[in-house]
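[1] Following is a predicted model, sequence given first.
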Amino acid sequence: MTMATEPSAAAFAGAANSTEPWSAQVRSLTRLGRHREALDLLRHGDPSPPPHALVLPASIISCAALSLPSGVAQIHSLAAKRGLLPAADAYLLSALLTSYSRLGRLPLAHQLLDEMPLASTPHNTLRTAFNSVISGSALHALPAACFALFHRMRAASVRFDAVTLLALLPAAPLSVVPQVHALAARAGLAAETSVANCFISTYARGGAAGAALARRVFDEMPAASRDLVSWNAVLSAHAQNGLAVDALELYRRMCGPDGGGVEPDAVTIVGVLSSCAHLGARGVGLDVERYVRERLPGFRPNVQLCNALINFHARCGSLPRAQQLFDEMPRKSIVSWTALITGYGMHGHGDVAVSLFERMVSEGIRPDNIAMVGLLSACSHAGMYDEGRRYFSTMESAYKLQPTLEHYTCMVDLLGRAGRLEEARELISSMPMPADGAVWGALLGACKIHKNVEVGEEAFEHVIELEPSNVGYYVLMANIYTDTGQLDGVAKVRTMMRERGLKKEPGCSYVEHKGRVHLFMADDHSHPQARRIYELVIRLEQMVKENSGVRESEVAVAKARMEMVATQQLVGFHSEKLAVAFGLLNTEASSEIVVIKNLRVCGDCHSFLKAVSTITNRVFLVRDASRFHRFEGGVCSCKDYW
């Protein structure tokens, strides 16, 4: 019994048009990806006319595709014997240099470049040669070699072009990118769309400052030159560096007249959804999801896009939708699992997060460091001390993962929330690396929960040494002193803040309603509905006090505050109370009110919102700086453990 096989090279040659040159047959096989047959024809075909500069590059490409460096070397030798080297044409030279570079034979590429006669080789050929070796060095992450070649190229008076810059920039250290940018501008290349796009992407690696430079490059591009890559690059530069507001503003511009008709694609959507998740911008994110369903109907196989949708819904309070998207995915990645595990953790459903993690492992997906952070954080938020300890202690043995600072931060948070402050201190002292501000900050936050001044002062000393300008830590320590009645300590911390020019970050909360974001600061009277909002808050405070059986004198104080609304501006109203009151005034009785807050919900507001959820028979979903709180029927999803 014989097996059917693909047509041989000889059969291909026989079937080809008899007028087609032998060399053209080799090139056709290479173009079709039939690389072994191309090389077979080179070895065994009729060598008349003999191989020349048109067939050899195709054969070199086939050797590179099959990872045959010895084959490239043999063809190199054949070309030299035929007199085609070193004064080669650009096509043959580029194929050789590119193949050597990609196959990791950079010394051979450099040797070939060195053998080229600079005086007699055409300028375009020289430029092609330098570009090929620069690209190869960049491919193997050798930035010093890239720039040494670039300097040599300029010293030889070989003009660089856009191809040179596109090879050089991804390997460039951020410190030298502005210098390369200046050279590109002088050469008249910086305005070319592909080059400008590359500068935008390169600057984006430099954090928020780099994003600002990327934005400047984008803004200086002629509007007609901005293509989809330009918009995606600048939008991603902002989304990846936490500049979510700017990313969404760019998206609005892209979809408007400034976009010049450029349509968003999956890459655009991923960046936008990431920013929506960061900000809690539900309205924008839901509009984006509608766009995906209408314009990108085949999105489900796109794992990255589905992951972005899951992350958006999980972080904007719609866990059922996140779960549905996850269940509908034909193929899931570790990122898919991690997004859902983290989402359940943020909502306080640690048991579901643990169950998902175990299911992920049982399906053969090995967790990575990010998945473990999501799992440990979920255990911390849910008070699952035993489970968190077990997973942390078996990270290395079970999953071959070395704990990082992020894992230690989660564990200190877990132990601290559970009141095991001494155990948390011991863990910090046993760490194989120095503790950073996040680790000591987690301990300080636990001391706030448990009103432990002694350990809090120790953590505070360490954390302000590591992050002296982080205002949140000063506020935490001042609150610990306040809670324990140590007013001298409060005064000391405030003096430190004043001397260092630090100001407390103002609390703010916002609600989306009918396509608009309504922002509220603490004691904010700027909203057009301010009077009605304050009247409602005071009335609710009065009802809470009456329902909780407080003294008549306190109820009288609440009534007095009600009477003051019309005569003076009141103080002591946290932003989430104002945001919830706005939601109650402006939404239907059956709808859930979603509030995003930049700081941690305080104990007073937490108790207030639990009581108000019963009084009004409404559901409030509040996302604070660390987690979600779902207030319904007088209880919170966090079970008062936050």
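    Right, received. Where do you want to start? Numbers count the residues shown, from 1 in each chain.

[2] And the strands in the stretch 501-642 of the chain, which stretches?
    Assigned by DSSP state E, counting those that start in this stretch, the stretch 501-642 of the chain shows strands spanning 508-513, 516-521, 593-597, 620-623, 628-632, 635-636.

[3] As a markdown table, the ones you listed with distance to residue 244, mean neighbour count and mean pLDDT would be great.
    To be clear about C-beta, it is placed using only N, CA and C from the backbone, and glycine gets the same treatment. Conversion of those to a markdown table gives the following (distance: least, Cβ to Cβ, whole Å; neighbours: other Cβ atoms under 10 Å; pLDDT from 0 to 100):
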| stretch | distance to residue 244 | mean neighbour count | mean pLDDT |
| --- | --- | --- | --- |
| strand 508-513 | 13 | 21 | 90 |
| strand 516-521 | 12 | 17 | 88 |
| strand 593-597 | 12 | 24 | 92 |
| strand 620-623 | 14 | 22 | 93 |
| strand 628-632 | 18 | 22 | 92 |
| strand 635-636 | 27 | 18 | 91 |
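
[4] export the ones you listed to TSV and tack on distance to residue 308?
    Below are those laid out as TSV (distance: least, Cβ to Cβ, whole Å):
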stretch	distance to residue 308
strand 508-513	19
strand 516-521	21
strand 593-597	19
strand 620-623	18
strand 628-632	19
strand 635-636	29
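
[5] Next up, the contacts around residue 99.
    By Cβ atoms under 8 Å, 6 or more residues apart in numbering, residue 99 lies in contact with 60-61, 63-64, 72.

[6] And residue 115, how close does it get to residue 330?
    Look at residue 115 and residue 330: by Cβ to Cβ, to the nearest Å, they are 53 Å apart.

[7] Just the buried ones among the contacts of residue 99, please.
    The neighbour-count test (16 or more other Cβ atoms under 10 Å) marks 60-61, 63-64, 72 as buried among these.

[8] quick one, helices of the stretch 451-600 of the chain?
    Counting by DSSP state H, counting those that start in this stretch, one finds helices in the stretch 451-600 of the chain at the ranges 453-466, 471-483, 487-499, 530-547, 552-564, 575-586.

[9] Quick one: these as a markdown table, columns for mean neighbour count, mean pLDDT and distance to residue 80 too.
    Below are the helices of the stretch 451-600 of the chain laid out as a markdown table (neighbours: other Cβ atoms under 10 Å; pLDDT from 0 to 100; distance: least, Cβ to Cβ, whole Å):
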| stretch | mean neighbour count | mean pLDDT | distance to residue 80 |
| --- | --- | --- | --- |
| helix 453-466 | 19 | 95 | 61 |
| helix 471-483 | 20 | 92 | 68 |
| helix 487-499 | 13 | 94 | 74 |
| helix 530-547 | 19 | 91 | 84 |
| helix 552-564 | 13 | 49 | 94 |
| helix 575-586 | 23 | 94 | 76 |
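
[10] just so I know, which of those helices lies nearest residue 359?
    helix 575-586 (35.2 Å; Cβ to Cβ).

[11] same for that closest one, what does it pack against?
    For helix 575-586, the packing partners by 3 or more Cβ pairs under 8 Å, 6 or more residues apart in numbering; DSSP states H and E come out as strand 508-513, strand 516-521, helix 530-547, strand 593-597, helix 603-616, strand 620-623.
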